[in-house]
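[1] coords please:
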Amino acid sequence: MTKDFHRIGLRHVGVIGGGAWGTALAALSASDESGPGDTILWARNAEVVESINHHHINPLYLPGVPLPPALKATGDLAALKDCDALVLAVPAQTLRQFAGQIRQHLPLLAPLVIAAKGIESSTGLLPGEILAELLPGRVLAILTGPNFASEVARGLPAASTLACSDTAIGAALVQRLGRPTFRPYLSDDVIGAQIGGAVKNVLAIACGIVIGRKLGDNARAALITRGLAEMTRLGLALGAKRETLMGLSGLGDLVLTCSGHQSRNLSLGIALGEGKSLSEIMGARRSVAEGVHTARAIEALALRHGVDMPICAAVDAVLHKEAGIDDMLAALLARPFKTEA
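    Numbering: from 1, shown residues only. Okay, here's the model as predicted:
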């Protein structure tokens, strides 16, 4: 690396993505506790840029949440060219597109912090694998965990995982982004952090279907637990550490996404369980439910690695193969009895 990250303290941070999570992370970075430095948020939507700069709010994605006056927004990626670190808070399915723009407009060696959760549906690649392919030589970190954007932006207590293979840079990122109310825990398991954040979205859709079908709390608890077993099997097959999947980025995120009413994937599953069609649900939404795209990729990954993931396979079948929900439920309940270990 050409920069002394401890000396400069990652002062200048750029955040790419003006949705709820990108805005929340930019607000954290720009808060008073950050000390010397500045934060600039890139957003595609001109209304978001103007509202943040002049009114210190993001009315489209974080309505009613005041943002730090020090936070600046832009619609020009080139304005981030001098940043010491870049946070990518864009949907996983568009990460490839943004990687190309970063390579064109931001020829830096600044570390890239991936705040996307998912697996690229067309390739089966994790977000870190996409960036390693398109932006070789960059230090990559994964920021993921049980975090609803609006709560983080309002300063409510939260914790997360920050996974980075370079321990020194990872520690510097923790210091730059961490706050008393936002506690990143450092990890070197970038695979495990990404698997947890991807699989939990698919399982949340399944939990929503259980709620929408009024199958009861027992069924939801069983699904979360057996879903965690599926997440762990896939993670271990891809080289993740078991303790990562039992931590904030795995179990923690799974519990939140399968229980919290702010979860987009859970609410989508509830609507499916109540009988609405996927096209009807997606047509009424502004925000992205990553589990819809990730379900197909997880099913392909599981087949490729010989990993048994019946719940995720059932969700994929309902979303993308016109399978009936009741048929999938019956198939899951008819599976042979097994030992839990």
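[2] Please make it C-alpha for all contacts and neighbour counts, starting now.
    Noted.
[3] Give the other helices and strands that the host helix or strand of residue 331 contacts.
    Element membership for residue 331 (DSSP states H and E) is helix 325-333. The elements that helix 325-333 packs onto, with contact taken as 3 or more C-alpha pairs under 8 Å, 6 or more residues apart in numbering; DSSP states H and E, are helix 310-320.
[4] Would you map the strands across the stretch 1-150 of the chain?
    Taking DSSP state E, counting those that start in this stretch as the criterion, the stretch 1-150 of the chain carries its strands at 12-16, 38-42, 72-74, 85-88, 112-114, 140-144.
[5] domain assignment for the protein?
    5-188, 197-333 (automatic domain parsing).
[6] Mean neighbour count for the ones you listed - can I get that in TSV?
    Converted to TSV, the domains of the chain look like this (neighbours: other C-alpha atoms under 10 Å):
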stretch	mean neighbour count
domain 5-188	20
domain 197-333	20
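[7] Nearest to residue 339, out of those domains?
    Judged by C-alpha to C-alpha, the one of the domains of the chain that comes nearest to residue 339 is domain 197-333, at 12.0 Å.
[8] thinking again about what came up before, distance to residue 339 for the domains of the chain - can I get that in JSON lines?
    Formatted as JSON lines, the domains of the chain follow (distance: least, C-alpha to C-alpha, whole Å):
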{"stretch": "domain 5-188", "distance to residue 339": "30"}
{"stretch": "domain 197-333", "distance to residue 339": "12"}
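[9] Please dump these into CSV; it should also carry mean pLDDT and distance to residue 341 for every row.
    Listed next are the domains of the chain as CSV, based on pLDDT from 0 to 100; distance: least, C-alpha to C-alpha, whole Å:
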stretch, mean pLDDT, distance to residue 341
domain 5-188, 92, 26
domain 197-333, 95, 9
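[10] Now do the helix holding residue 331: distance to the chain's middle.
    How far helix 325-333 lies from its chain's middle: 28 Å, per C-alpha atoms, centre = their mean, to the nearest Å.
[11] Repeat that for stretch 164-176.
    19 Å.
[12] CA atoms only for that stretch - export them in CSV, please.
    Presented in CSV, the C-alpha positions along stretch 164-176 are these (Å, rounded to 0.1, in the frame of the first residue of the first chain):
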residue,chain,number,x,y,z
CYS,A,164,-10.7,-8.0,6.7
SER,A,165,-7.8,-10.2,5.8
ASP,A,166,-5.4,-7.3,6.5
THR,A,167,-5.6,-7.0,10.3
ALA,A,168,-4.0,-3.5,10.5
ILE,A,169,-6.3,-1.9,8.0
GLY,A,170,-9.2,-3.7,9.5
ALA,A,171,-8.4,-2.3,12.9
ALA,A,172,-8.1,1.2,11.4
LEU,A,173,-11.5,0.9,9.8
VAL,A,174,-13.0,-0.2,13.1
GLN,A,175,-11.6,2.9,14.7
ARG,A,176,-12.8,5.1,11.9
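[13] Surely residue 233 and residue 305 touch.
    No - Residue 233 is beyond contact range of residue 305, at 10.0 Å (criterion: C-alpha atoms under 8 Å).
[14] Tell me the secondary structure at residue 207.
    helix (DSSP: H, G, I helix; E, B strand; the rest coil).
[15] thought it was touching residue 266?
    Yes - with contact defined as C-alpha under 8 Å, residue 207 and residue 266 form a contacting pair (6.5 Å).
[16] Report the set of residues contacting both of the two.
    With contacts taken as C-alpha atoms under 8 Å, 6 or more residues apart in numbering, residue 207 and residue 266 have residue 258 as neighbours in common.
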